[in-house]
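Trainee: just a sequence and a predicted model for now, questions to come.
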Amino acid sequence: MQIAKVVGTVVSTYKEDNLSGTKFLMLQLIDIEGQLSMDYEVAADTVGAGVEEWVLVSRGSGARLVRDSEKRPIDAAVIAIIDTVSLDNYLLYSKKSEGR
Amino acid sequence: MQIAKVVGTVVSTYKEDNLSGTKFLMLQLIDIEGQLSMDYEVAADTVGAGVEEWVLVSRGSGARLVRDSEKRPIDAAVIAIIDTVSLDNYLLYSKKSEGR
Amino acid sequence: MQIAKVVGTVVSTYKEDNLSGTKFLMLQLIDIEGQLSMDYEVAADTVGAGVEEWVLVSRGSGARLVRDSEKRPIDAAVIAIIDTVSLDNYLLYSKKSEGR
Amino acid sequence: MQIAKVVGTVVSTYKEDNLSGTKFLMLQLIDIEGQLSMDYEVAADTVGAGVEEWVLVSRGSGARLVRDSEKRPIDAAVIAIIDTVSLDNYLLYSKKSEGR
Amino acid sequence: MQIAKVVGTVVSTYKEDNLSGTKFLMLQLIDIEGQLSMDYEVAADTVGAGVEEWVLVSRGSGARLVRDSEKRPIDAAVIAIIDTVSLDNYLLYSKKSEGR
């Protein structure tokens, strides 16, 4: 999985039938140093992630193992909202330490 | 999924039998800043996307979950025509605001 | 799918049993401007593509939906011989216009 | 598979139901010269890998063939703890020779 | 598939149960000009490839269609030992012409 930050949403009216009700989030991928990269992924979200949160995104067929997604033609999904990312002895990210 | 702009079509006479009737669109991928990148994808389209429209493209096995595509040997499909892409407080793209 | 040009062949005697009879083509990928890129793919061919022709290559599990390939351990296949690639108002490629 | 070094952990409270009990490791990929690259993967671990160890990471649907992972929406898993990586006549890595 | 040269081996004692008996080869990918690239793949081998040989590596779910690999959590396998790679009118590689 890759780590990503929720930065927006994508809305669509005309889409595949079995996508109705799917919420699409715009995710910007986070690099190994905790910085925003230039890569993004539009992912289905059933976890309820909000803007600014860091999440785990799963890509490929695994994305369709999230709730009610078996028949959705998606290739990326948010599977978890991240609490902490710990590297060696320091904390790369903590949800609580983010400004609220 | 990635965001892409429909920029053309690909036509083929000699192809796998179970591809007959499949419409192939030439998609140019859009980067995180809303600009055209140098990457493209030739994708099957069952949604009816038109040139200049922004779409969501799904790649891998998910592409075969679109209508009538279960047995098609494809690895990319248009799954939605995008209305809006919203980042934080501004609109990266709106279908209506595009020149018509 | 990606667009590629057939540039050669790969021959193998010692291979997985269920690959016997599989023809492997060396494909050089074409970029968005219609130029040869430095990327290639060795793909199974059941369509009968010839050297110099432009083809569509499907990668991943989709490659095994071509004829007689269900049990082949391949990850890339030629699925169509391209007639034309049209971008906006000009023709990026036409099979007929190629020197013959 | 790629070779990676365990460099940390990722913790999540809100996640897909069928991820409960899954341990997520932060892996930094190793390049062909045995150096840490800038690429990472967050992978499920059922093998019991520890920080500093080199592991094999499998990505895509293969990641769900590890123990109890069939229904987990993951796309990467640790499948082995590496003892040695031998290139030609020299040892790129040996678990024993690492400082302990 | 990609073309790769066998450059070493990876050994592991602690691994997923259904990997017991799997032989892992270190493969260095070959580029379109026949040169070693900086990319590698650790692949399962059931074909019996030896060091210095050029092979075809299949990645993703296709890698599990090789002999006895259906349940192995792998994402790459050697599927063929290459005899020749022919580009247009010249031979990029011939197994026999390699020094022996």
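Mentor: It's in. Numbers count the residues shown, from 1 in each chain, chains lettered A, B, ... in the order given.

Trainee: strands along chain A, start to end?
Mentor: Counting by DSSP state E, chain A has strands at residues A:2-15, A:24-30, A:36-45, A:54-59, A:76-87, A:90-94.

Trainee: make JSON lines from the ones you listed and add mean pLDDT and mean neighbour count to it.
Mentor: Every residue, glycine included, has its C-beta placed from N, CA and C. What follows is the strands of chain A, written out as JSON lines (pLDDT from 0 to 100; neighbours: other Cβ atoms under 10 Å in any protein chain shown):
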{"stretch": "strand A:2-15", "mean pLDDT": "97", "mean neighbour count": "20"}
{"stretch": "strand A:24-30", "mean pLDDT": "98", "mean neighbour count": "22"}
{"stretch": "strand A:36-45", "mean pLDDT": "98", "mean neighbour count": "20"}
{"stretch": "strand A:54-59", "mean pLDDT": "98", "mean neighbour count": "26"}
{"stretch": "strand A:76-87", "mean pLDDT": "98", "mean neighbour count": "23"}
{"stretch": "strand A:90-94", "mean pLDDT": "95", "mean neighbour count": "14"}
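
Trainee: could you export those as CSV, including distance to E:Asp83?
Mentor: Shown next, in CSV, are the strands of chain A (distance: least, Cβ to Cβ, whole Å):
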stretch, distance to E:Asp83
strand A:2-15, 39
strand A:24-30, 41
strand A:36-45, 39
strand A:54-59, 36
strand A:76-87, 40
strand A:90-94, 49
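
Trainee: out of the ones you listed, which is closest to chain D?
Mentor: strand A:76-87 (3.5 Å; Cβ to the nearest Cβ).

Trainee: how far off strand A:54-59 does the closest one point, in degrees?
Mentor: 130 degrees (axes from the mean of the first three to the mean of the last three Cα atoms, to 10 degrees).

Trainee: list the residues that contact A:Ala43.
Mentor: Taking Cβ atoms under 8 Å, 6 or more residues apart in numbering or on different chains, we find A:Ala43 in contact with A:4, A:24-25, A:27, A:57, A:63, A:74, A:76-78, B:1.

Trainee: dig out what it forms beta bridges with.
Mentor: A:Leu25 (DSSP bridges).

Trainee: what does A:Ser86 give?
Mentor: Applying DSSP bridges, one finds that A:Ser86 bridges with A:Leu91, D:Thr9.

Trainee: can I assume it is in contact with A:Leu92?
Mentor: Yes. When contacts are counted by Cβ atoms under 8 Å, A:Ser86 is listed as touching A:Leu92 (7.0 Å).

Trainee: what's the overlap in contacts for these two?
Mentor: Both A:Ser86 and A:Leu92 are in contact with D:Gly8, where contact means Cβ under 8 Å, 6+ apart.

Trainee: now the residue most central in space within chain A, which residues is it bridged with?
Mentor: In chain A, the C-alpha nearest the mean C-alpha coordinate belongs to A:Val78, at 3.8 Å (Cα atoms, centre = their mean). Using DSSP bridges, the bridge partners assigned to A:Val78 are A:Asp45, A:Val57.

Trainee: quick one, what contacts the residue lying closest to A:Ser94 once chain neighbours are set aside?
Mentor: Spatial nearest neighbour of A:Ser94, chain neighbours left out: A:Thr84 (5.0 Å); criterion: Cβ to Cβ, 6 or more residues apart in numbering or on different chains. Taking Cβ under 8 Å, 6+ apart as the criterion, A:Thr84 is in contact with A:91, A:93-95, D:10-11.

Trainee: dump the residue contacts of A:Phe88.
Mentor: Residue A:88: Asp, not Phe. So A:Asp88 contacts D:7-8, D:51 (Cβ under 8 Å, 6+ apart).

Trainee: ok, of those residues, which one's closest to chain E?
Mentor: Nearest to chain E among these, with distances taken as Cβ to the nearest Cβ, is D:Val51, at 15.1 Å.

Trainee: what's the distance between that closest one and E:Thr46?
Mentor: 33 Å (Cβ to Cβ, to the nearest Å).

Trainee: one more: A:Gln2?
Mentor: 31 Å.

Trainee: that older thread, nearest to chain C, of the contacts of A:Thr84?
Mentor: The closest of those to chain C turns out to be D:Val10 (Cβ to the nearest Cβ; 26.7 Å).

Trainee: grab the nearest non-local neighbour of that closest one.
Mentor: D:Phe24 (4.2 Å).

Trainee: give the contact list for the closest residue to A:Gly34 other than its chain neighbours.
Mentor: Distances taken as Cβ to Cβ, 6+ apart place A:Leu92 nearest to A:Gly34, at 4.7 Å, with adjacent residues excluded. For A:Leu92, the contact set (Cβ under 8 Å, 6+ apart) comprises A:34, A:85-86, D:8.

Trainee: do A:Val55 as well
Mentor: A:Val55 touches A:3-6, A:27, A:47, A:49, A:78-82, counting by Cβ under 8 Å, 6+ apart.

Trainee: ok, the residue nearest to the centre of chain A - contacts?
Mentor: So A:Val78 contacts A:6, A:25, A:27, A:43-47, A:49, A:55-57, A:66 (Cβ under 8 Å, 6+ apart).

Trainee: near chain B, which residues of chain A are found?
Mentor: Contact residues (Cβ under 8 Å from any Cβ of the partner chain) of chain A with chain B: A:7-19, A:24, A:26, A:28, A:38-43, A:51, A:60-61, A:63-64, A:71-76.

Trainee: state the pLDDT value of the residue located most distally from the centre of chain A.
Mentor: Centroid-distance maximum for chain A: A:Asn89 at 25.7 Å, with Cα atoms, centre = their mean. Predicted confidence (pLDDT) for A:Asn89: 82.

Trainee: so how far is chain E from it?
Mentor: Computed as Cβ to the nearest Cβ, to the nearest Å, the A:Asn89 to chain E distance reads 25 Å.

Trainee: quick one: that residue from chain B, how far?
Mentor: Counting by Cβ to the nearest Cβ, the gap from A:Asn89 to chain B is 32 Å.

Trainee: likewise for A:Ser97?
Mentor: The value you get for A:Ser97 to chain B, if Cβ to the nearest Cβ is used, is 20 Å.

Trainee: apart from its neighbours in sequence, what residue is nearest that residue?
Mentor: A:Leu91 (7.6 Å).

Trainee: list the contacts for A:Ala63?
Mentor: A:Ala63 touches A:43-44, A:69, A:74-77, A:79, B:62, D:73, D:75, counting by Cβ under 8 Å, 6+ apart.

Trainee: find the residue closest to it in space, skipping its chain neighbours.
Mentor: That would be A:Ala77: by Cβ to Cβ, 6+ apart, it lies 3.8 Å from A:Ala63.

Trainee: if anything else comes up later, I'll come back, but that's it for now.
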